[in-house]
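Enquirer: below are the sequence and a predicted model; questions follow.
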Amino acid sequence: MQRKAAIGLTAFFAILAIVLLWLARDKDVAVEPNKPAPIAAIQTAQQVADAIEKSKTDTRFKTGVENMPKSLRDTEVDGALEVDAAGNLIISRSIRQTFDYFLSAIGEEDLTTIIARIRAHIRSKLPAKAAAQAEKILDSYLAYREALGHVAQAPGEPGQNMAAIRQQKEQVQALRSQYLSREVSDAFFGDEDAYDRYTMARIEVMQDKTLSATEKAKRTAALLNDLPPQLKESVETLNKYQELTTFTDDWKTRGGKPEELRAIREQIVGPEATERLEALDQERAVWDGRMNDYLAQREAILKNQSLSEQDRQKQVNDIKQKNFNEQERIRVDALETIHDQGLKL
């Protein structure tokens, strides 16, 4: 029975994931680009300072994209460098994206070469005044990144030591204040900081044993709504799936009532999506019934020692052909494997 229940639950969450992706079909989910390796993991503070100085007189590049390292070949430079009407650099997160694009090649090229590329790119894209402003920010950002590599990671599993995580965040904020102006720090890390605050608050809600599943759903939904619009869209779909999975498991464990599950779903995905999920529940129940009937018949046939192995397999195949269409049989084959291996999903 546990194996049958596992199969049903697997099918439900597979369908659920598809539904959540469909619910977000009109949203452009932003994916955070791969962050470059910490500079401190490769270079000492003095080496970074030396690389910064040497790069200022390095004339190997005109645009910064000549003879790119393998990982950056056939790619577009991330971010945009822009100026205002007065010719000043517009401070935005795109500047950090540009820096990080080139810095992602750390390990493939030496740091002096990478910084020289960034300077050449800046100078090729901006007038002199804005270029000087961008290079000053670059130098500060590189120093910050080197110092950041020395901040100790919070011990334990994520979410299990919130005090240590908060202390780590305070250290990071102190470094930003030390190396970057408030305007640059907000532009470079504003969304990241908002997401960190949201994540920590969400963990605390999820760990609060005094709250019911319904109340947790309400509070996490409120936290999500407080995020900046673009950031909210980028995390909403995955959060919905995670929350529905967590709260549904909790509901099942407690033997909750159907109206409670409906309230949880409505809070997370809204009334219309809840109706779709309830329709999927019905489809799941029908599928589970068909699958469990087939597995019972299959087990009885395979245990029938009066039949040869060839005859047993033929009868199983006949039942499968009779009860499932071609597309369903692919799914049945996969679930048979799970059933036979006794995997807990």
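Expert: Ah, there it is. Residues are numbered from 1 along each chain as shown.
Enquirer: contacting residues around the residue lying closest to residue 323 once chain neighbours are set aside?
Expert: Counting by C-beta to C-beta, 6 or more residues apart in numbering, residue 323 lies nearest to residue 294, which is 5.7 Å off, once chain neighbours are set aside. Just so you know, the C-beta spots here come from the backbone N, C-alpha and C atoms, and that holds for glycine as well. Listed by C-beta atoms under 8 Å, 6 or more residues apart in numbering, the contact set of residue 294 reads 319, 320, 323, 324, 332.
Enquirer: what is the neighbour count of the second one?
Expert: Burial of residue 320 is recorded as 17 neighbouring residues (other C-beta atoms under 10 Å).
Enquirer: now the first one
Expert: Neighbouring residues of residue 319 were enumerated by other C-beta under 10 Å; the total is 15.
Enquirer: phi, psi of it?
Expert: Here the main-chain torsion angles of residue 319 (degrees, to the nearest 10) amount to phi -60, psi -40.
Enquirer: identify the residue spatially nearest to it, adjacent ones excluded.
Expert: Using C-beta to C-beta, 6+ apart, the closest residue to residue 319 is residue 297 (5.5 Å).
Enquirer: now the fourth one
Expert: Here the nearest residue to residue 324 in space, its sequence neighbours aside, is residue 332; by C-beta to C-beta, 6+ apart that works out to 5.5 Å.
Enquirer: again, but for residue 196
Expert: If the residues on either side of it in the chain are set aside, residue 196 comes closest to residue 169, at 6.3 Å by C-beta to C-beta, 6+ apart.
Enquirer: flag every buried residue along the helix or strand containing that neighbour.
Expert: Per DSSP states H and E, residue 169 falls inside helix 162-179. Buried positions in helix 162-179, judged by neighbour count with 16 or more other C-beta atoms under 10 Å: 165, 168, 169, 172, 175, 176, 179.
Enquirer: same thing with stretch 322-335?
Expert: If you call a residue buried by 16+ other C-beta under 10 Å, then stretch 322-335 has these buried ones: 324, 332, 335.
Enquirer: model confidence over that stretch, on average?
Expert: In this model, stretch 322-335 has an average pLDDT of 89.
Enquirer: what does stretch 53-69 give?
Expert: Mean predicted confidence for stretch 53-69 is 94.
Enquirer: buried residues in the longest helix along the chain?
Expert: The single longest helix within the chain, with elements called by DSSP state H, is helix 271-302. Neighbour counts over helix 271-302 (16+ other C-beta under 10 Å) mark 273-274, 277, 280, 284, 287-288, 291-292, 294-295, 298, 301 as buried.
Enquirer: ok, so of those, who is nearest residue 98?
Expert: Closest approach to residue 98 among those (C-beta to C-beta): residue 273, at 38.6 Å.
Enquirer: I'd say the closest one and residue 265 touch.
Expert: Yes: the pair residue 273 and residue 265 qualifies as a contact (C-beta atoms under 8 Å) at a distance of 7.2 Å.
Enquirer: let me know the closest of the buried residues of helix 162-179 to residue 306.
Expert: Using C-beta to C-beta, the buried residues of helix 162-179 come closest to residue 306 at residue 165, 63.9 Å.
Enquirer: ok, the closest one touching residue 200?
Expert: Yes: between residue 165 and residue 200 a contact is recorded at 6.6 Å, counting by C-beta under 8 Å.
Enquirer: got any ranges where the protein has weak pLDDT?
Expert: Low-confidence segments of the chain (pLDDT under 70): 1-43, 154-160, 238, 343-345.
Enquirer: distance check, the closest residue to residue 208 other than its chain neighbours against residue 271.
Expert: The shortest distance from residue 208 to any non-neighbouring residue, by C-beta to C-beta, 6+ apart, is to residue 216 (7.3 Å). To residue 271, residue 216 is 19 Å away according to C-beta to C-beta, to the nearest Å.
Enquirer: next: residue 134.
Expert: 49 Å.
Enquirer: same deal with residue 182?
Expert: Residue 182 is 43 Å from residue 271, by C-beta to C-beta.
Enquirer: work out for me the element residue 129 sits within.
Expert: Using DSSP H and E, residue 129 falls in helix 128-148.
Enquirer: go on, residue 95?
Expert: helix 93-103.
Enquirer: and the angle for whichever helix or strand comes after that helix with helix 93-103?
Expert: The first helix or strand that comes after helix 93-103 along the chain, using DSSP H and E, is helix 111-125. Calculated by axes from the mean of the first three to the mean of the last three C-alpha atoms, to 10 degrees, helix 111-125 forms an angle of 140 degrees with helix 93-103.
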